[in-house]
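In: Build me a model:
(chains A, B and C)
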Amino acid sequence: MTSSRRSRSVSSEAVLGALRESARVIRWGFVLLALLYLASGITRVGPQENALVLRFGKLQPQVHPPGLLFTWPAPIDEVIRVPVRAALELRLDAWGAPPEGTAEIAATMHPVRDGYTLTGDANVVHPRLAVRYQIVDPVAAAFSIRQRDALLEAVLYRSLARALAQTGVDAAWTSGRDEVRRDTQLLAQEELDRLDAGIQITAVEVRELLPARLVLPAFREVVSAEVEARTLRQEAEAYRAQTLPEAEASAYRIRQEATAAADSAKARAEGESSAFTALLKEYRKSPALTKARLRAETLEAVLPALRTVTILPDSPGHIWLPTTPAESK
Amino acid sequence: MSRTMWIRSAAVLAVAVVLILAMTTFQVRQNENVILTRFGKPVRVLVEPGLHGKWPWPIESVNRFDARLDFFEARLAEALTKDKRNVIVPVFVAWRIADPLRFLESVGSVPNARAKIDSLVTSAKNTALAAFDYGQLVSTNRDNVKLGEIEQQIVALVAPQARDSFGVAIAQVGIKRVALPEANTESVLKRMQAERSQFAAKYRAEGRQAADEIRARTDAERTVMLAKAQKFAEETRGKSEADAARIYAEAHAEDPEFYRFLRELEALRKVVDANTTLVLDGDAAPFRHLRGADGKGDDE
Amino acid sequence: MTSAEARQLRNASTAVAVVFALIVLAALGWPAVLAFAVWGLIVAAIHALYFQIQADDLRSLEARRRSGSSAWREEGDESEAMERYMALPRFRSFWQLLLLGGAAVLMGWLLWRAWRMPVAEASTASLQLGIVLSIAVAVLLSLLGRYAVVLGAKLETADLNGVAQLARFSFWVGGALAASLGILLYAQRDLRVVTGRTLVLITAALVLDALVRAMLRSYRPATARKASGPVGDSLLLALFLRRSNPWDEVSTRMEGALGVKLGDTWAFRFLRRAFAPLVLASLLLAWLATAATVVPVGHAGVRVERGRFVSPPVGPGWHWSAPWPFASIELVPTKRVDEILLGFERDTGQPILWAERHYEGEKNILVGDGDELLTIAVPVHYRIHDPLAYLMTTSDARATLQHLAYRELLRVTSARDSFAIMTDQRADVSATLRTGLQRAVDAHGLGLEIVWVGLRDIHPPVAVTPSFQDVISAEEERQTMIELARAYAARALPEAKQEAGRMRATAEAAGEERTLAASGEALRFRQLAGAQKAQPDVFRSRLRLEALEAALAGRRKIVVATDKPPRITMDARRKTEVGSDGEGEGDE
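Out: Numbers count the residues shown, from 1 in each chain, chains lettered A, B, ... in the order given. Next comes the predicted model:
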């Protein structure tokens, strides 16, 4: 009995000692904790952020710019940071075409597994979009929508589907791409403003707009047909551009030649007629003499040119015509 | 000693104050609605953010609701249009709690509310779609596309029911996409292919036609151009010949006989050349002399 | 601290951590069974630890005995220990104990399966098996407890008390499980969730107890620590399973743990004396508390006095009634909107595509005067309109409502055409359905208000859908054929047009060419003709001469300038013309 009492007093001493030992450590620990608690109200607002302060849950009117922000600690103040200046980007890839060359090309499209939407002329298309946006109203952004990003995405998909549903695939595929982009942005912005999302869409970019993979070759075929047609037309134009001037030139030549020939004929006629008149004067003076002279002159000119002259004897002769190797014209 | 006592009692007091405050006050956050119930009986609906007082726990308790827009996608369901075509039109819903007390009484929690709104929206969507043709979902004529009207009609069908039954305001029902049942997509893809092949053929043929037209026109123009030139040439030639004839005529009229003589001489000059064989009578004027000297001996 | 103690502490903390993890799991969903399995583990671990320590001590003892026999004889303490060691041989194997624990866990798992089953699916056989298993485990553990008690008495040590208590407690747990399964099987009341939660709470308390004791032990001097009991010696268990006054137990335990004598304080003495009245008073209070009921928001409270419902029902808030067996207040959620879905048995959660299975057990409804089949999913939102009627009429208003709704659905749809139901008569059908259903519900006095009836998914049966959708495919194919024909037209027409255009252009050009040529020639002729008129003779002769020149110049010819025409022989091989006609005259 005595021994147990003694041991008890020893053990209680030990407990008290241990408690005393730890008291100081505990006290400093408390002080440290208190300091940490007070410091928890100091917040750094990042360079691309604005901060809103809720005091007892009530929004304070001031919007705080980047820098250090001193507020009361937890249950009194709450700091909500909103990335206002940051250019945020969202990619809409859920409807994108499967990458080429991966899986085999399916003949059908499953409404859940395959992302696509329909264009105005009921064609299956795979669009991919990149959307850049900015938060312009931090209060609305923080307090109007619970799942802001998810709703933004859904609204964008909706606007894209609508934009495509009123555009034919040919337009969407080529010239109307820009229109699809603009329609998407306008529709989405209108809806976001209506929902008071505090978001401004700065740019929508159509990164890809492909028809279903099965029909992609057919689409490419159309493009090449167009190119081919254009080439044919251009070739024809080139032919025309070459042929017409040529024809014009030869027409001009013909005309010129004709005119020249006419002129020369006239000149010749005039020359000849004046020569004739001169000769005639001569002839009138002595007709017989002139005639004989002229004939003799002619014969002089003509006879030397003759290669063969046959003079017949009195009796009617017999002429063998010589054989010439080739008769030149 | 008294200092430590003071500190100690201050600490105890502070803890007590904090505890009492924690039990008798509560915050309503900016985006929250709160219903305060006393022994289960709703006594106050608080929409104004800030600090409010209440009786401690077992007496009064706080039911908080997020007043922001909640968003969810309704379950995908196939539907029928007015012209009996199956379409798959997924919709999403954005809604918020408009009447917190009714919300608390009728559904109580967000997932529960979503399930019920999903039923409402899907039924309304199917009803709304049955009033529109397929051509009003997708069309190349943008005035025909009635997706916005369908959305509004769904909201109009759902909103009163949702407000009266659940105290919920429907902010938006959005049609996320227009798709078709899998079985139909095969023929749609085939049709697309046919459509494309038509375009390809059309472009090719048109190109060929245009090119050919240009060529033909060019050739025709060339022919005409040359013919015109030829005509001009003929005309000019004719005129010049006429002129020449007139000139000749004027000159020759003075002595046609002489002219004929001269002309014949000229013709002779032109016609007689190296290819001409001349056969002469030996008795003719100059050749007589030849015979006298040479030809006589020969003959005799 | 000796190495054995260090290990003991380490093992204890590990065991506590494991137990905590399991409790978290238990709170997530499998309450009772996990609690039971945990108990198997705890019992096994504690036994293993205890006997391991003993064995370690004895092994070192034996080593010492071998090193020097003199020392061994002098220490009476050790001979006593040796005696204990000899008494243990039958039950000292660590593996035996682990096996026992493992069996407990396995049975826990088996029980878990019986536990998780929905009431509707739990077969009699499986429940009976569960009961037998629980009883078997309980008996096994009770045997273990008895063994520990006997062993402790024989060795005159309190070290085995903890083990014995744990085992005895486990016996009660097993019994409770068996009882709740038995109640489910024979009395059709499902107490499993209640038992499960209770067991989880108790387990948590015991773990907390163990933790506190482990922490306190570190404050004690080494000697006192050595004297303390083994792990598993729980204050809570001792309180309820020992036959002494619980306050005495608390007092001695606190002394043992902290070295503080509680038994001397005033409060303790008062509590010790007032224990029985206190318990009685609290029981009385608990009974009186049944007189107060809090009706939560959205509910109505219906007073039940001597088994009779009393009108009017009370609203949310605090209400008094006579205490429990005499009166009570039943809660009815009058403002809550509930939903039932007609048309299928179970929802698979898949998207609702007509050609794919999305509901299990879809019900086909005959429409269009019995010619057509449709499956219709109809959500019905209702709330309890009259709580008294609701409580009085039927025990399962939901099932009744479902039957009524099916009947009403058949009545409304059977005469209508399937396409009309699917498209333009939807609103009409749902409105008619709602009024009809409300009338039926009122006729049966169910006390329900039909808030809304929708027509969610109406479609032909899944097996028929492909042929249904085929119509649309055919429509698309029609379009395809038209497109193909158009493609042909687009190819053929321009070709023909092209041919025609070319021909036309060529012909036009050729025509114009001819005309121009003719007119040119004509013009020329006319000019010449005009020129000729002045002197036809000269002109003609000139022309003739010109023609002659053009014809004869450069030709091979023979001019015969004589009056006596010669005989001319042509070369046989060559043909030659003789120009004797014109020239003859020209000369001379």
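In: Make sure I have this right: residue A:204 is in a strand.
Out: Yes. Under DSSP: H, G, I helix; E, B strand; the rest coil, residue A:204 sits within a strand.
In: I'd say residue B:145 and residue A:120 touch.
Out: Yes. Counting by CB atoms under 8 Å, residue A:120 is a contact partner of residue B:145 at 7.2 Å. All C-beta atoms are positioned from the backbone trio N, CA, C, and that covers glycine.
In: which one of the two has more residues nearby?
Out: When residue B:145 and residue A:120 are compared for neighbours, residue A:120 comes out ahead with 25 against 22, by other CB atoms under 10 Å in any protein chain shown.
In: And the more buried one, what's its pLDDT?
Out: Residue A:120 carries a pLDDT value of 87.
In: wait, what's in contact with it?
Out: With contact taken as CB atoms under 8 Å, 6 or more residues apart in numbering or on different chains, residue A:120 is in contact with A:164-169, B:138-142, B:145.
In: Give me the ChimeraX select line for those, limited to the buried ones.
Out: To isolate the buried subset of these in ChimeraX, counting by 16 or more other CB atoms under 10 Å in any protein chain shown, use the following:
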select /A:164,165,166,167,168,169 /B:138,139,140,145
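In: returning to that earlier point: anything in contact with each of residue B:145 and residue A:120?
Out: With CB under 8 Å, 6+ apart as the test, residue B:145 and residue A:120 both reach A:165-166, B:138-139.
In: Which members of these occur in helices, if any?
Out: residue A:165 (DSSP state H).
In: Which one of the shared contacts of residue B:145 and residue A:120 is nearest to chain C?
Out: residue B:138 (13.5 Å; CB to the nearest CB).
In: The residue nearest to that closest one when sequence neighbours are not counted: what's it in contact with?
Out: Closest residue to residue B:138 apart from its sequence neighbours, by CB to CB, 6 or more residues apart in numbering or on different chains: residue A:165 at 4.5 Å. Shown in contact with residue A:165 (CB under 8 Å, 6+ apart): A:117-120, B:137-139, B:145, B:147, B:178.
In: Out of those residues, the closest to chain C would be?
Out: residue A:118 (12.5 Å).
In: I'd say the closest one and residue A:111 touch.
Out: No. Residue A:118 is beyond contact range of residue A:111, at 11.1 Å (criterion: CB under 8 Å).
In: Common neighbours of the two, please.
Out: B:179-180.
In: so what does whichever strand or helix holds residue C:516 touch, helix or strand wise?
Out: If you go by DSSP states H and E, residue C:516 is part of helix C:465-534. The elements that helix C:465-534 packs onto, with contact taken as 3 or more CB pairs under 8 Å, 6 or more residues apart in numbering or on different chains; DSSP states H and E, are strand B:86-88, helix B:182-252, helix C:536-552.
In: Quick one: name whatever helix or strand follows the second one.
Out: What that stands for is helix B:182-252. Using DSSP H and E, the first helix or strand after helix B:182-252 is helix B:256-271.
In: buried sites along that following helix?
Out: Buried, per 16+ other CB under 10 Å, within helix B:256-271: B:258-265, B:267-271.
In: And for stretch C:286-300?
Out: C:290-291, C:293-300.
In: Out of those, the closest to residue A:236 would be?
Out: residue C:298 (82.8 Å; CB to CB).
In: Hmm, the closest one is touching residue B:104, no?
Out: Yes. Here residue C:298 reaches residue B:104: they are 6.4 Å apart, a contact under CB under 8 Å.
In: any low-confidence regions in the stretch 201-350 of chain C?
Out: C:203-204, C:206-207, C:210-211, C:213-268 (pLDDT under 70).
In: What ranges does it have for its helices?
Out: For the stretch 201-350 of chain C, applying DSSP state H, counting those that start in this stretch gives helices covering C:222-227, C:235-241, C:246-258, C:266-289.
In: by contact count, what packs against the last one?
Out: Going back to what we said before, that points to helix C:266-289. Using 3+ CB pairs under 8 Å, 6+ apart: helix C:266-289 touches helix C:246-258.
In: from chain A, which residue is nearest to chain B?
Out: Counting by CB to the nearest CB, chain A gets nearest chain B through residue A:229, at 2.3 Å.
In: ok, that residue - contacts?
Out: B:203-204, B:206-208, B:210.
In: what's the nearest residue to residue 46 if we skip its chain neighbours?
Out: If you meant another chain, say so; for now it's chain A. Per CB to CB, 6+ apart, closest to residue A:46 is residue A:66, 6.2 Å.
In: that's the wrong chain, I meant chain B
Out: Spatial nearest neighbour of residue B:46, chain neighbours left out: residue B:34 (4.3 Å); criterion: CB to CB, 6+ apart.
In: Need the CA coordinates for the host helix or strand of the one you found. PDB is fine.
Out: Using DSSP H and E, residue B:34 sits within strand B:32-38. C-alpha atoms of strand B:32-38 as PDB (Å, rounded to 0.1, in the frame of the first residue of the first chain):
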ATOM      1  CA  GLU B  32     -26.400  33.600 -51.400                       C
ATOM      2  CA  ASN B  33     -30.000  33.400 -50.300                       C
ATOM      3  CA  VAL B  34     -30.600  32.200 -46.800                       C
ATOM      4  CA  ILE B  35     -33.700  30.900 -45.100                       C
ATOM      5  CA  LEU B  36     -33.700  31.000 -41.400                       C
ATOM      6  CA  THR B  37     -35.900  28.300 -39.700                       C
ATOM      7  CA  ARG B  38     -36.900  28.300 -36.100                       C
END
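In: so where's chain B shaky on pLDDT?
Out: In chain B, residues with pLDDT under 70: B:1, B:281-300.
In: and residue A:273, how many neighbours?
Out: For residue A:273, using other CB under 10 Å, the count is 20.
In: how near is the closest residue to it other than its chain neighbours to residue B:242?
Out: Excluding its sequence neighbours, the residue lying closest to residue A:273 (CB to CB, 6+ apart) is residue B:251, at 3.4 Å. As for residue B:251, its distance to residue B:242 is 15 Å (criterion: CB to CB, to the nearest Å).
In: Ok, residue C:316 next?
Out: 128 Å.
In: for residue C:446, same thing?
Out: Applying CB to CB to residue C:446 and residue B:242 gives a distance of 124 Å.
In: Three-state assignment for residue C:374, please.
Out: With three-state DSSP as the criterion, residue C:374 reads strand.
In: Verify the contact between it and residue C:414 for me.
Out: No. Look at residue C:374 against residue C:414 with CB under 8 Å: they stay out of range, at 10.5 Å.
In: List the buried residues in whichever strand or helix holds residue B:125.
Out: In this assignment (DSSP H and E), residue B:125 forms part of helix B:110-129. By 16+ other CB under 10 Å, the buried positions in helix B:110-129 come out as B:110, B:112-114, B:116-129.
In: Give me the buried stretch members for stretch A:46-53, please.
Out: A:49-53.
In: can you map out the strands along the chain?
Out: Assuming you mean chain A. A:42-45, A:50-55, A:58-59, A:67-70, A:77-82, A:88-92, A:117-118, A:124-135, A:199-211, A:308-312, A:318-320 (DSSP state E).
In: that's the other chain; I wanted chain C
Out: Counting by DSSP E, the strands of chain C are C:292-295, C:300-305, C:308-314, C:317-320, C:327-332, C:338-342, C:346-347, C:359-360, C:364-367, C:372-384, C:448-453, C:457-459, C:557-561, C:567-569.
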